[in-house]
Structure formats: C-alpha cells, structure tokens
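K.L.:
Quick one: sequence and predicted model below, then my questions.
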Amino acid sequence: MKQLLLGLFSFTLLASCKTNVVNHAQIEFTRGQWFNGTSFEDRTVWVKDGVLRFFEGEVQSDTIIDLGGKFVTPPFAEAHNHNLESDYKLEERIKSYLDNGVFYVKLLSSIKKRIDPLMHHYNKPTGIDINMAHAPLTGSGGHPIALRKRFLEYGHFDGLFNTLKEIESHGYHIIDTKEDLEYKWEEIVSFKPDFIKINLLYSEEYLTRKNDTAYFGKKGLDPSLVPDIVKKAHDHNLRVSAHVATAHDFHVAVAAGVDEIAHLPEIHNGKPIDLEDAKLAFQKGVVVVTTASLVTKNKEKPNYGALLGNVRSNLEILKNEGVTMAIGSDMYNDNSVDEFQLLHSLDLFTNLELLKMWCENSATTTLPYRKVGFLKDGFEASFLVLDQNPLEDIKNINQTITLRVKQGVILE
C-alpha cells in the first residue's frame, strides 16, 4: 500500500499513481475538505472504477492519498463555446482547459465532418468531455450562414466543401416552414446531435428582416415555428438550446419551452428582459448560460458602461427570480475563466453562488445525462483539489488547483 502526502510528495504521487488509478485499484483520499453543495466537510473518500465511494469499499485500498486539509470541488465546465472543432492549436486549447480545471465543454455548433477526425481527443479520462449540437436550425439567410460563407472564403473548409450549398445540413439547417421541419427532421437527427440548437435573432423584426438581404446573417428562425421545433425535439428525447439576441427572443424561447438559453439576451443592445419572462424561465426550469463577457467586445464604444450595467441588471433579474444560470463564454480564445472573472467583478453573486454556477450548473447543462457536477457517492470521480477555500476567496480559484482527478485518473 502506498501512502502519499499531497504537496510535499506531489511529484511522487503523480508518478506512482498515474497508471494505478484506473479500473482495478482502489484509492483512498484522506483528510480532504469535500464540497457538499453548501460548505466543505472533512471526510475520507474512496475511488474505485472511476467512481466516488463515500463508504469503504470491499477491496483494500491500493493507495492512500493524504490531501492535507485541502479543499475538493467538482471540476469546472464551459457551457458555451465553438473552439474545439478544428485542429488549429487544438492540443494547446485542450491543455488550457484541463490546466484551468475545465473538464466539460458544450459545443453549440460544429460541423460533424470536421470534428469527427478529432474525436479521439475527447470523452476519455485523460481528455475533456464534449457535448455537441452540430448544425443549428435557422431561417433562410440567417445566422450562421454568413459566418460559414466567410470561413469558406477564408479557406477554412478546404478539402471538405467547395460551395456554400454543400455546407448546408452540415453547418446549418434551413427551416422556414412546418413542412421543412417535417421533411428535414430525419436528416437533422442522422447527424446524431447530442441536443438541438435553434437560432433566434431579432425575432420581433422577423417579417421586416425575412427577405431583406441587408440582414444576411443577422436573423434567424420564424418565431412561430419554435414551439413545433421544441415539441419535435422533445418527442425524440433531445434537449433544445436557443441562441437569442433580444429580450423578445428570450420571451419566444422560454414560452416555447426550450431547455436552455444559450446567451444572456440584450448584451449588445442594452435593453431589460421582462420580469414575467424571468419568472416563467424559473417555473419551466430553463437554464440560462451567461456569455456576459461578450459585452467586452463593446469596450471602445461610448455606451460601454451602460451596456455593462444592463448586463448586470439582467443577471440580477434572473438571480432574484431563482433562474438557474450556467457559466459559458462563447469566446473563441477563452475556456470560461474570463467569463467567470467578469461575473465575479460584477459584485452580484456570492462566492457560493459562483462556485455552484461553474461547477454544478455548468456541468449538468453540458452533460445532463451523466453523474457529474457533484461530489456524491456513485458519481464520476472527477474533482479538483484546491490550496484555499473558495467560499472565502474565489477570485483566482483556477490558480489554486494542486491536483486534478478525472474519472479516477490523476492528471499531470
């Protein structure tokens, strides 16, 4: 039996345990302060077959790791990004995610043909776990068609697609009518998405923008179709995440019963969300992903202070109504760390609320059918060991990580 003290013998711990943790050995973690959802409690926890056990197993522990009173939390998650679809700086991105304790990433769109050759990097104990929507549903000329067109012209799709028409169904699905939804549904699910993403942009101006080429890429679905899409997805056991831009988009999505709002609305427009819509989101259990740091793209604008204030105000409305919020950035060069820091800077959430948003809420909306996000008996043995108590000082929590364990594997 190996008995190791975390800290002084951390190098020995990593070297000796790296190959002993998986499947057959049982590891006993002693003297850890484990997060129970509200506070930290001193307890001994066992790991066997990649699962947490809060009672001593039948097999004698192969290794005992003394955590020395350090603090144990679930890992973090990134509930909205798009930066794992290509091999550009991929290993660097994955390392950054893991180094910062972010184990789970929700990809709100991806091209299956492009990401399939990269899947060996994901969904394994030594890598990050991802959940993917693949091609989002939008209207004719809607988002992200202009984005796909621009990337095609940049050469990002060389070897995959030669024309914008070829990208359709791989990079987006155009749904303009109920007949389109019925006709294209089998093709949509043939890509085996983990969930369905729909795009709503300025839905209050849908008829104005519908046939106006000036709004190419700046519009989305017909809002009247959203209830039918949600029902269709739910009938096939698929959750629905809605990209929204405005308070009206938020209203349409929540009223239709989507499972997740992929963006805080009104980030760039500066309008309040309706209190009744926030109440309805709580009643229906809708998760709102923050993406608040997108407001920093307006830093050079004279109204930036007002936009930031509106972001805070809308977050406060959601918080006061008890709406579940998850941390996601939608920033290509982020991994939810800067998003977390912006939320912390708003002086709106307590340390406990921020911790639960990043660990629990973000993980469960990213991987809703997995036992992740909590340190409970029978849940996946994925956790972080921290030097300091985040309930007392959470600002640089990602810099206090001394040990990372994913599905029972101790990561270097």
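P.N.:
Great, that's in hand.
K.L.:
Can you verify my assumption that Thr364 contacts Lys371?
P.N.:
No. Contact between Thr364 and Lys371 fails when scored by CB atoms under 8 Å: they sit 9.8 Å apart. (C-beta placed from N, C-alpha, C; glycine too.)
K.L.:
Going by how many neighbours each has, rank the two and give me the top one.
P.N.:
Thr364 (22 against 15; other CB atoms under 10 Å).
K.L.:
How many neighbouring residues does the residue lying closest to Asn269 once chain neighbours are set aside have?
P.N.:
Distance criterion CB to CB, 6 or more residues apart in numbering; nearest residue to Asn269, sequence neighbours excluded, is Thr246 at 6.2 Å. Residues near Thr246, counting by other CB under 10 Å, number 21.
K.L.:
again with the one 5 residues further on
P.N.:
His251 has 22 neighbouring residues, counting by other CB under 10 Å.
K.L.:
Show me the contact partners of stretch 26-34.
P.N.:
17, 20-21, 40-48, 56-57, 59-72, 375, 385, 389, 408 (CB atoms under 8 Å, 6 or more residues apart in numbering).
K.L.:
Give the buried subset of those residues as a PyMOL selection command.
P.N.:
The PyMOL command for the buried members of the contacts of stretch 26-34 (criterion: 16 or more other CB atoms under 10 Å) is given here:
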select buried, resi 17+20+21+40+44+45+46+47+48+61+62+63+64+65+66+67+68+70+71+72+375+385+389+408
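K.L.:
looking at it, the residue nearest to Asn269 is touching Tyr202, isn't it?
P.N.:
Yes. In terms of CB under 8 Å, Thr246 counts as a neighbour of Tyr202; the distance is 5.8 Å.
K.L.:
where along the stretch 1-150 of the chain do the strands fall?
P.N.:
Per DSSP state E, counting those that start in this stretch, the stretch 1-150 of the chain carries strands over the ranges 2-5, 26-35, 40-48, 51-53, 63-66, 71-73, 76-81, 102-107, 129-132, 137-138.
K.L.:
among the ones you listed, which gets the worst mean confidence?
P.N.:
Mean pLDDT is lowest for strand 2-5 among the strands of the stretch 1-150 of the chain, at a mean of 58.
K.L.:
Can you tell me the closest non-neighbouring residue to Leu342?
P.N.:
Nearest-residue entry for Leu342: Ser293, 4.4 Å, with adjacent residues in sequence omitted and distances by CB to CB, 6+ apart.
K.L.:
same deal with Thr324?
P.N.:
Of all residues not flanking Thr324 in the chain, Val287 sits nearest, at 4.9 Å (CB to CB, 6+ apart).
K.L.:
isn't Phe76 right up against Asn398?
P.N.:
Yes. Using CB under 8 Å, Phe76 is in contact with Asn398, at 7.3 Å.
K.L.:
higher neighbour count, the two?
P.N.:
Between Phe76 and Asn398, counted using other CB under 10 Å, the more crowded position is Phe76 (28 against 20).
K.L.:
what's the longest helix in this structure?
P.N.:
helix 304-320 (DSSP state H).
K.L.:
thinking in terms of the whole chain, how far from its middle is the helix or strand following it?
P.N.:
Remark: after helix 304-320, the chain's next helix or strand is strand 324-326, criterion DSSP states H and E. How far strand 324-326 lies from its chain's middle: 10 Å, per CA atoms, centre = their mean, to the nearest Å.
K.L.:
got a list of contacts for strand 324-326?
P.N.:
77, 79, 260, 285-290, 315, 318-319, 357, 361-362, 364-366.
K.L.:
Please pick the buried ones from the residues you listed.
P.N.:
77, 79, 260, 286-290, 315, 318, 357, 361-362, 364-366.
K.L.:
where's the residue nearest to Ala77 when sequence neighbours are not counted, which helix or strand?
P.N.:
Once flanking residues are discounted, Ala77 sits nearest to Ser362: 3.6 Å by CB to CB, 6+ apart. Ser362 is part of helix 362-366 when elements are defined by DSSP H and E.
K.L.:
hmm, back to that, the residue nearest to Leu342 in helix, strand or coil?
P.N.:
helix (DSSP: H, G, I helix; E, B strand; the rest coil).
K.L.:
can you pull the contacts of Leu352?
P.N.:
Going by CB under 8 Å, 6+ apart, Leu352 touches Thr38, Leu391.
K.L.:
Just to be sure, it is in a helix?
P.N.:
Yes. Assessed with three-state DSSP, Leu352 lies in a helix.
K.L.:
For Glu360, see how far away it is.
P.N.:
Distance of Leu352 to Glu360, given as CB to CB, to the nearest Å: 11 Å.
K.L.:
Check Lys376 too.
P.N.:
Applying CB to CB, the value for Lys376 to Glu360 is 11 Å.
K.L.:
Equivalent analysis for Thr44, please.
P.N.:
Thr44 is 23 Å from Glu360, where distance means CB to CB.
K.L.:
quick one on the thing from earlier: could you pull up the mean pLDDT of the helix holding Ser362?
P.N.:
For helix 362-366, mean pLDDT rounds to 98.
K.L.:
What are the contacting residues of the next helix or strand along the chain from it?
P.N.:
Going down the chain from helix 362-366, the next helix or strand is strand 383-386, by DSSP H and E. With contacts defined as CB under 8 Å, 6+ apart, strand 383-386 is touched by 6, 32, 52, 67, 70-76, 101, 375, 397, 400-405.
K.L.:
right, and the helix or strand after strand 383-386?
P.N.:
Counting by DSSP H and E, the next helix or strand C-terminal to strand 383-386 is strand 401-406.
K.L.:
by contact count, what packs against that following strand?
P.N.:
helix 10-17, strand 383-386, strand 409-411 (3 or more CB pairs under 8 Å, 6 or more residues apart in numbering; DSSP states H and E).
K.L.:
mind redoing it with 10 Å?
P.N.:
The contact analysis (3 or more CB pairs under 10 Å, 6 or more residues apart in numbering; DSSP states H and E) places strand 401-406 against helix 10-17, strand 26-35, strand 71-73, helix 90-99, strand 102-107, strand 383-386, strand 409-411.
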